[in-house]
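In: Any chance you could fold what I've pasted below:
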Amino acid sequence: MEEESGAIDLDQKMIETLGRVIGRDYESVQWFSLEFEPNEDYRESFLWPGGQILVPHFRVKHNGVEYSSLEMGLGEFSVHLLFWVFEIYRDTKDLSVLLDEPDAYLPPVTAERLVSRLIQAANMRNWTLTIATHSESIIELACENDSFVLLRSGEDGIEAYGSQDYGVEIASELLPPRGVSVVLFCEDESAAAVTRAILQTHKGWLAASTAVAWKDGDGYLRMLAKHLPRHKGMSISFGLVFDGDQRGKVADAEPATGWPSLFLPSQVSPDALFRSLAAKPAALAAALGAESHRIGFALDALQGSDDHDWVNGICNRLGTRTFVLDALADLWVAENSEDAAGFLTDLQSKLGV
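Out: This is a model prediction of the structure:
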């Protein structure tokens, strides 16, 4: 039957893709679309575009050993099958592809490679791709790309919650708790609040595995720079987060043996960032859950104070210190998303996370 149907021509790129996903350096790959009539119970399962009845069949050679679909494990076979199906439909326009746990027989690393390649192929052909999965690595990957949707039964039927609208927290119950892999040291409490807000808003998974610590100013960070340990194989990375007004006063890149210095957005202190929100009293009232007249009274009373005293005054008048600082930080990040994203990009680049 292989001789009758003839092998499908596969380019080298497809062979390399299969090898990368499965984790094997194939010496050769042959795909076949066998033509025969299955019995009526299974006929619809093999019906493809154009009314063709085809049965997929694969033959590969690896490490000098040749074997076919009949000897493949389910994981390897499923990868070939999925890409064979994509090839069968390659000329179909506006296709909606629904895959139910395509990673079921694959280890996490292989599953991620498979899904990434499927997404790439679907995007190139302008297809819509929907994947149902229980894989932790795939759920995490989807959340990172704002494409995870959680379905749950509600009083009015099925309810859908997307990570793009609700954040990565909607997947928290599906994934195991994450250990700390990054520790960021900040100058003070305000700086720590801004750092946490940026992480939460722009990179939820990084926030879940990052601890943010603070103490008493830039001198504390300079001292840490001299004593923080660093050696190959460490499971935790450190970063020294200086206020924006320290930019130019601290080396922007530590020696290869040290941990990197990072700088919060702008050229001013976090307290100054918070104070800039005074120009938006309505947004402040909404963020703090306070009546507009209370915000007005507080802003009037704090005119003329320095930035640090302004923040202390807002905290004393409008709620607990932690709540107010977090609310101010969240609001500033929401109002300055591009600056916040720039800090995050710098952090990821310097720490390799």
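In: What residues sit buried inside stretch 228-245?
Out: Residues of stretch 228-245 classed as buried: Leu228, Ser237, Phe238, Gly239, Leu240, Val241, Phe242, Asp243, Gly244, Asp245 (neighbour count, 16 or more other Cβ atoms under 10 Å). From N, CA and C alone the C-beta is placed, and that goes for glycine too.
In: what's the most distant pair in those?
Out: Ser237 and Asp245 (25.0 Å; Cβ to Cβ).
In: any low-confidence regions in the stretch 101-250 of the chain?
Out: Applying pLDDT under 70 to the stretch 101-250 of the chain picks out residues 176-178, 202-205.
In: Now do the strands in it.
Out: Secondary structure of the stretch 101-250 of the chain (DSSP state E, counting those that start in this stretch): strands at 128-132, 149-154, 157-162, 182-186, 210-214, 237-242.
In: need those in CSV with distance to Gly313, can you?
Out: As requested, the strands of the stretch 101-250 of the chain are exported to CSV (distance: least, Cβ to Cβ, whole Å):
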stretch, distance to Gly313
strand 128-132, 51
strand 149-154, 41
strand 157-162, 39
strand 182-186, 22
strand 210-214, 20
strand 237-242, 25
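In: any idea which residue sits dead centre in the chain?
Out: Glu144 (1.8 Å; Cα atoms, centre = their mean).
In: Can you tell me which of the buried residues of stretch 228-245 is nearest Ala282?
Out: Gly244 (25.8 Å).
In: May I ask you to name the longest helix in the protein?
Out: helix 108-124 (DSSP state H).
In: buried sites along it?
Out: So for helix 108-124, counting by 16+ other Cβ under 10 Å, buried means Thr110, Ala111, Glu112, Arg113, Leu114, Val115, Arg117, Leu118, Ile119, Ala121, Ala122.
In: Let me see the contact set for the fourth one.
Out: If I follow you right, that is Arg113. By Cβ atoms under 8 Å, 6 or more residues apart in numbering, the contact set of Arg113 is Arg20, Val21.
In: Give me the distance between it and Lys13.
Out: 15 Å (Cβ to Cβ, to the nearest Å).
In: and the next element down the chain from the helix or strand that contains Val324?
Out: Assigning secondary structure by DSSP states H and E places Val324 in helix 321-335. Sequence order places helix 337-351 as the next helix or strand after helix 321-335, per DSSP H and E.
In: That next one - contacts with which helices or strands?
Out: helix 189-202, strand 237-242, strand 261-263 (3 or more Cβ pairs under 8 Å, 6 or more residues apart in numbering; DSSP states H and E).
In: Nearest residue to Ala283 in space, please, no chain neighbours.
Out: Of all residues not flanking Ala283 in the chain, Leu331 sits nearest, at 6.1 Å (Cβ to Cβ, 6 or more residues apart in numbering).
In: I figured the one you found hits Ala287, correct?
Out: Yes: with contact defined as Cβ atoms under 8 Å, Leu331 counts as touching Ala287 (4.3 Å).
In: closest to Ile22 among the buried residues of stretch 228-245?
Out: Ser237 (31.6 Å).
In: tally of neighbours for Ala301?
Out: Using other Cβ atoms under 10 Å, Ala301 has 12 other residues around it.
In: so what's the closest residue to it other than its chain neighbours scoring on pLDDT?
Out: Sequence neighbours aside, Gly313 is the residue nearest to Ala301 in space, at 6.9 Å (criterion: Cβ to Cβ, 6+ apart). Note for Gly313: predicted pLDDT of 94.
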